[in-house]
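**Student:** Here is a sequence together with a model predicted from it:
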Amino acid sequence: MSGEEVRDKSLFCCPVCGGPLLRAGRALRCAAGHSFDLAAQGYVNLLPANKKHSAAPGDGKEMVAARRAFLEAGWYAPFSEALCRIVPACLKDIKTPAVLDAGCGEGYYTGRLAKALRPGARIAAFDISKEAVRLAAQRYRDVEFAVAGVFDIPAADGAMDCLVNIFAPMAQAEFLRVLRPGGFLLYAVPGPRHLFGLKSVLYEQPYENPVRQTEYPGFRFCRRVPVAGRITLSGREEIRALFAMTPYYWKTPRAGAEKLEQLDALQTEIEFDFLLYQKK
């Protein structure tokens with residue numbers, strides 16, 4: 001492969017045949033002739049029609065907009081800061097690491113991680129929501145974005161040095177496949193008291209989140225890094241943005257949602273557990 005081809009080679013692979021993808025003008029193409037157009041924002045859709053479970057899978061426009069507004073206000077900055085400490089430390093001995101953000105949403109964590117990684121690192125990210133990827137690609141130009149799903153990742157076997165997963169489904173077999181031996185998986189899950197203040201308003205009997213199982217075959221568990229804090233939202237717009245970006249938005253009884261709508265301020269715990277694994 002020539003130097004030009006190396007420069008133009010995508011971190012993603014063809015979702016049809018699994019072959020390498022090279023940039024050719026405004027498209028990514030493989031040697032077998034499969035071609036995928038780049039959108040105006042710079043992302044590529046690598047989700048085959050037969051892998052879709054609906055016409056527009058993933059988060060819709062309203063939820064994506066709410067997430068961007070809330071995250072850009074800095075409420076979850078402690079989690080981004082922890083992510084940007086953990087991943088570079090894992091990759092400090094690799095000259096040109098390849099990093100994949102699985103389920104990147106609108107790109108808040110991805111974009112900040114890209115800045116935290118030293119020059120030479122390559123980072124790709126994908127989400128099943130086309131709306132989320134469109135917003136992400138529009139803002140974070142140093143990242144390669146695609147529409148794709150976590151259970152059928154368009155990346156070659158052993159292609160990644162690190163895979164980041166923040167609140168996306170745990171696709172153990174796929175994560176194991178795309179990581180090289182010794183590669184790292186950083187899996188962020190909600191801690192027991194995450195958003196407990198919000199749930200105390202929404203539900204008559206709020207519940208703590210269960211502590212996730214930490215052992216997965218093929219991975220060695222390295223450590224758990226808890227990050228916790230407390231935030232106070234002032235104003236209905238901020239409260240509404242938080243609510244709209246959570247799964248509670250879709251499953252809360254009307255009485256709980258109406259109670260939340262009446263609040264002018266909300267105080268709640270925030271808590272992530274970063275679970276670090278290394279592929280055996």
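**Tutor:** Yes, it's here.

**Student:** which residues does Tyr207 contact?
**Tutor:** Lys199 (CB atoms under 8 Å, 6 or more residues apart in numbering). (Each C-beta comes from the backbone N, C-alpha and C, glycine too.)

**Student:** does it count as helix, strand or coil?
**Tutor:** The three-state label given to Tyr207 by DSSP: H, G, I helix; E, B strand; the rest coil is coil.

**Student:** same deal with Leu263?
**Tutor:** coil.

**Student:** distance of it from Ser200?
**Tutor:** For Leu263, the distance to Ser200 (CB to CB, to the nearest Å) stands at 11 Å.

**Student:** Likewise for Pro48?
**Tutor:** 43 Å.

**Student:** Cys162 now?
**Tutor:** 36 Å.

**Student:** which of the two has more neighbours?
**Tutor:** Using other CB atoms under 10 Å as the criterion, Cys162 and Ser200 rank with Cys162 on top: 27 against 15.

**Student:** same question for whichever strand or helix holds the more buried one, mean pLDDT?
**Tutor:** In the assignment (DSSP states H and E), Cys162 maps to strand 160-166. Mean pLDDT, computed over strand 160-166, is 97.

**Student:** wait, doesn't Leu179 sit right on Gly158?
**Tutor:** Yes: assessed by CB atoms under 8 Å, Leu179 is found in contact with Gly158 at 6.9 Å.

**Student:** out of those two, which sits in the busier spot?
**Tutor:** Higher neighbour count among Leu179 and Gly158: Leu179, with 26 against 14, using other CB under 10 Å.

**Student:** so what's the more buried one scoring on pLDDT?
**Tutor:** Per the predicted model, pLDDT is 98 at Leu179.

**Student:** who's in contact with the closest residue to it other than its chain neighbours?
**Tutor:** Of all residues not flanking Leu179 in the chain, Lys279 sits nearest, at 4.6 Å (CB to CB, 6 or more residues apart in numbering). Contacts for Lys279 (CB under 8 Å, 6+ apart) come out as Leu176, Leu179, Arg180, Pro181, Gly182, Gly183, Phe184, Leu185, Gly218, Phe219, Arg220.

**Student:** Torsion angles phi and psi at the last one?
**Tutor:** It refers to Arg220. Arg220 has phi and psi values of phi -100, psi 120 when expressed as degrees, to the nearest 10.

**Student:** what's near enough to touch it?
**Tutor:** Tyr277, Gln278, Lys279, Lys280.

**Student:** at 6 Å what do you get?
**Tutor:** When contacts are counted by CB atoms under 6 Å, 6 or more residues apart in numbering, Arg220 touches Gln278, Lys280.

**Student:** How about the fourth one?
**Tutor:** With contact taken as CB under 6 Å, 6+ apart, Pro181 is in contact with Lys279.

**Student:** now the strands for the chain?
**Tutor:** 9-13, 20-23, 27-29, 35-37, 44-45, 98-102, 122-127, 144-147, 160-166, 179-190, 219-234, 265-279 (DSSP state E).

**Student:** can I get those strands in JSON lines with distance to Ala89?
**Tutor:** Below are the strands of the chain laid out as JSON lines (distance: least, CB to CB, whole Å):
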{"stretch": "strand 9-13", "distance to Ala89": "21"}
{"stretch": "strand 20-23", "distance to Ala89": "30"}
{"stretch": "strand 27-29", "distance to Ala89": "32"}
{"stretch": "strand 35-37", "distance to Ala89": "34"}
{"stretch": "strand 44-45", "distance to Ala89": "31"}
{"stretch": "strand 98-102", "distance to Ala89": "13"}
{"stretch": "strand 122-127", "distance to Ala89": "16"}
{"stretch": "strand 144-147", "distance to Ala89": "23"}
{"stretch": "strand 160-166", "distance to Ala89": "11"}
{"stretch": "strand 179-190", "distance to Ala89": "10"}
{"stretch": "strand 219-234", "distance to Ala89": "11"}
{"stretch": "strand 265-279", "distance to Ala89": "10"}
